[in-house]
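> 3D model of this:
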Amino acid sequence: HHCSGFCDEGFWCGEGSTSPQQNPCPAGRYGDVEGIGTPKCTGLCAPGHWCGPNSTSAFQAKCLGGSYGNVSGLPTEACSLDCVYDDHRGLLGVGDGGD
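The predicted model follows:
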């Protein structure tokens, strides 16, 4: 038996798949190579970022201003928590920006 090709980036294909886009990598995970055979895909999205379904990068989308993501695998743009303003310390819960 011959297969037609590999599963596309951002997707995974289990045994018996019939499409290169059989299953999207789940939200919070990404697939940056072709031929992934597990729903774990390549891995979790990076802290400070979130990944919707069929993402292809750990840095798919940055958490929005006013929120932050201090864990891996965030599935929505809400990220982890809203930032909180403290009169004595300023804006809390914000990373160093990184860029």
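> list the contacts for the residue nearest the centre of the chain?
In the chain, the C-alpha nearest the mean C-alpha coordinate belongs to residue 51, at 2.8 Å (Cα atoms, centre = their mean). Contact partners of residue 51, counting by Cβ atoms under 8 Å, 6 or more residues apart in numbering, are 25, 27-30, 45, 57-58, 60-61, 73-75. Where you see a C-beta, it was placed from the backbone N, CA and C, and this is true even at glycine.
> swap the cut-off to 6 Å and go again
For residue 51, the residues meeting the contact criterion (Cβ atoms under 6 Å, 6 or more residues apart in numbering) are 28, 30, 45, 60.
> for residue 76, same thing?
The contact partners of residue 76, by Cβ under 6 Å, 6+ apart, come to residue 50.
> what about it, distance to residue 68?
13 Å (Cβ to Cβ, to the nearest Å).
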